[in-house]
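Colleague: no sequence on this one, just coordinates:
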Ligand code: ADP
């Protein structure tokens, strides 16, 4: 059943098959799923925000109810602006839990009407992260099954 507009926020540097697994699940649940790339001035990203957005648009274009956008500042302000009542986040392992709990509870304190929904990815993606993908790419390792082919090409070009 579709219930609401949801935001799936993150760095997506770059988008992985784990993110896509979550997007596919979320797309079935919500009227509109907004994948929102955080413009974070503190982190040193591998891909620029426009590059990340371009890759996300390419790999999500098959889903009509998925939109890719960029945001900065507080997530609750962005959610309000977009009329979204749900934040979608993924939990891979216990190690994700502490940080996600802290974020979800702080967002609830700031905006009690905003609900955070957690989803588990399929098992093959439960140990997959953008950080590991970047490291594998930087050392010329195999990326098949970890990222979509278009992202693999962009990674190879970026580190060559
Ligand atoms: P951040 O930099 O905020 O951790 P990411 O782009 O790495 O952003 O991840 C965004 C969200 O997607 C987070 O909730 C993260 O836990 C989740 N996520 C990332 N990789 C996976 C994966 N392989 N399976 C499920 N969820 C994932």
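Modeller: Ah, there it is. This is a predicted model, so every value here is computed, not measured.
Colleague: if I look at residue 78, how far off is the ligand?
Modeller: In this structure, residue 78 and the ligand are 14 Å apart, going by CB to the nearest ligand atom, to the nearest Å. In this view, the C-beta of every residue, glycine as well, is placed from N, C-alpha and C.
Colleague: Do you have the helices of this protein handy? List them.
Modeller: Taking DSSP state H, the helices of the chain run over residues 17-29, 49-60, 75-82, 94-110, 130-138, 149-159.
Colleague: As TSV, the ones you listed with distance to residue 38 and mean neighbour count would be great.
Modeller: What follows is those, written out as TSV (distance: least, CB to CB, whole Å; neighbours: other CB atoms under 10 Å):
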stretch	distance to residue 38	mean neighbour count
helix 17-29	13	20
helix 49-60	9	18
helix 75-82	8	17
helix 94-110	12	12
helix 130-138	12	17
helix 149-159	18	16
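Colleague: Dump these to a markdown table, plus mean pLDDT.
Modeller: Conversion of the helices of the chain to a markdown table gives the following (pLDDT from 0 to 100):
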| stretch | mean pLDDT |
| --- | --- |
| helix 17-29 | 97 |
| helix 49-60 | 98 |
| helix 75-82 | 97 |
| helix 94-110 | 95 |
| helix 130-138 | 97 |
| helix 149-159 | 96 |
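Colleague: What residues does the protein have near the ligand?
Modeller: The interface of the chain toward the ligand, taken as CB under 6 Å from any ligand atom, is made up of 10-12, 16, 18-19, 22, 89-90, 92, 96, 121, 125, 128-130.
Colleague: Mind doing that once more with 8 Å?
Modeller: Residues of the chain lying close to the ligand (CB under 8 Å from any ligand atom) are 8-13, 15-19, 21-22, 38, 43, 88-92, 96, 99-100, 118-121, 125-131.
Colleague: Show me these that map onto strands.
Modeller: Members of the residues of the chain next to the ligand lying in strands (criterion: DSSP state E): 8, 9, 10, 38, 88, 89, 90, 118, 119.
Colleague: who's in contact with the first one?
Modeller: Going by CB atoms under 8 Å, 6 or more residues apart in numbering, residue 8 touches 22, 23, 26, 33, 34, 35, 36, 87, 88, 89.
Colleague: what distance separates stretch 48-62 from the centre of its chain?
Modeller: Per CA atoms, centre = their mean, to the nearest Å, the displacement of stretch 48-62 from the mean C-alpha position of its chain is 11 Å.
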